[in-house]
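Q: fold the following.
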Amino acid sequence: MKRPAVHAGTAILAGALLAGCAGPSPLSPRDQAAVPAGSTLVLERALRVPGGSARVFVQDGRVMHGSLGSGMNRFRPRCSFRLERVGNEPLMNIIEPGRFETGTAYNRAHVRNRIGQGMQVASAADGMQLASRERGGPNPGHLTHVIEIPLSSQRQPQVAEFTCEQDLPPNWRGELGLHAIHEATGDIVTIEPAD
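A: You can find the predicted model right below:
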């Protein structure tokens with residue numbers, strides 16, 4: 001009689017162990033509301049730009065120090081503000097809280113193999129899909145989904161772009177949107193969608 005109880009306990013333990021190995025659950029494509037052009041991105045607090053850099057990274061509602069990959073979980077949404085030099089002005093070292101108008105969001109996905117070559121898959125705002133194969137072939141373990149949103153602000157013209165990315169299984173169908181942005185930025189960024 002005790003033997004079936006051992007098998008049931010073993011099955012429960014094995015199931016729990018396998019669930020722990022499953023990794024993060026990907027975002028549901030249904031949860032990803034688009035970011036309409038003309039929306040407003042509101043930066044709620046100042047962000048310090050690391051010296052020698054033109055990007056500030058945010059993940060899980062925290063500013064991440066260093067470059068992409070240093071301490072960031074690629075399977076969780078991560079976002080960044082990108083600066084561009086305007087004229088001869090040096091790059092700003094603090095992005096002040098403020099409002100930024102968004103342009104048309106551009107979604108794409110890519111996969112890279114170990115030597116940095118692979119496949120680029122893109123989808124433009126009108127839904128057109130493009131793909132090109134580079135020599136070396138893809139590693140189908142995951143795709144890095146990216147949303148790039150042009151920004152404009154008369155007060156802070158160097159803040160050029162807001163980008164979010166997340167590595168997801170190759171069978172995930174969808175585009176990153178408002179849910180991923182909120183998950184990455186927490187209370188640092190608010191998106192006010194255009195009407």
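Q: can you list the low-confidence ranges for this structure?
A: 1-31, 66-69, 112-140 (pLDDT under 70).
Q: and the strands in it?
A: All strands of the chain, identified by DSSP state E, fall at 40-43, 47-48, 55-59, 62-64, 78-83, 94-95, 98-102, 106-112, 118-123, 129-133, 143-152, 159-168, 189-192.
Q: what's the spacing between the nearest residue to Ser70 once chain neighbours are set aside and Glu192?
A: Spatially, and ignoring its direct neighbours in sequence, Ser70 is nearest to Met64 (7.5 Å; Cβ to Cβ, 6 or more residues apart in numbering). All C-beta spots, glycine's among them, are computed from the backbone N, C-alpha and C. With the distance defined as Cβ to Cβ, to the nearest Å, Met64 ends up 25 Å from Glu192.
Q: again, but for Glu183
A: From Glu183 to Glu192 the distance is 18 Å (Cβ to Cβ).
Q: so those two - more neighbours on which side?
A: Glu183 (20 against 11; other Cβ atoms under 10 Å).
Q: excluding chain neighbours, what is closest to the more buried one?
A: Pro77 (4.8 Å).
Q: count of neighbours near that neighbour?
A: For Pro77, using other Cβ under 10 Å, the count is 24.
Q: surely it touches Leu176?
A: Yes. Contact criterion Cβ atoms under 8 Å: Pro77 and Leu176 qualify, at 7.0 Å.
Q: show me the beta-bridge partners of Arg82.
A: Arg55, Glu161 (DSSP bridges).
Q: next one: Val111
A: What pairs with Val111, by the bridge criterion (DSSP bridges), is Met119.
Q: measure it to Leu43 for me?
A: Val111 is 31 Å from Leu43, by Cβ to Cβ.
Q: what sits against the closest residue to Thr185 other than its chain neighbours?
A: Closest residue to Thr185 apart from its sequence neighbours, by Cβ to Cβ, 6+ apart: Val58 at 5.2 Å. By Cβ atoms under 8 Å, 6 or more residues apart in numbering, the contact list for Val58 reads 47, 64, 78-80, 184-185, 188-189.
Q: can we see that at 7 Å?
A: 64, 79-80, 184-185, 188 (Cβ atoms under 7 Å, 6 or more residues apart in numbering).
Q: tally of neighbours for the residue nearest to Gly38 when sequence neighbours are not counted?
A: In this structure, Gly38 finds its nearest non-sequential neighbour in Ala194, 3.8 Å apart by Cβ to Cβ, 6+ apart. Neighbourhood size, Ala194 [other Cβ under 10 Å]: 12.
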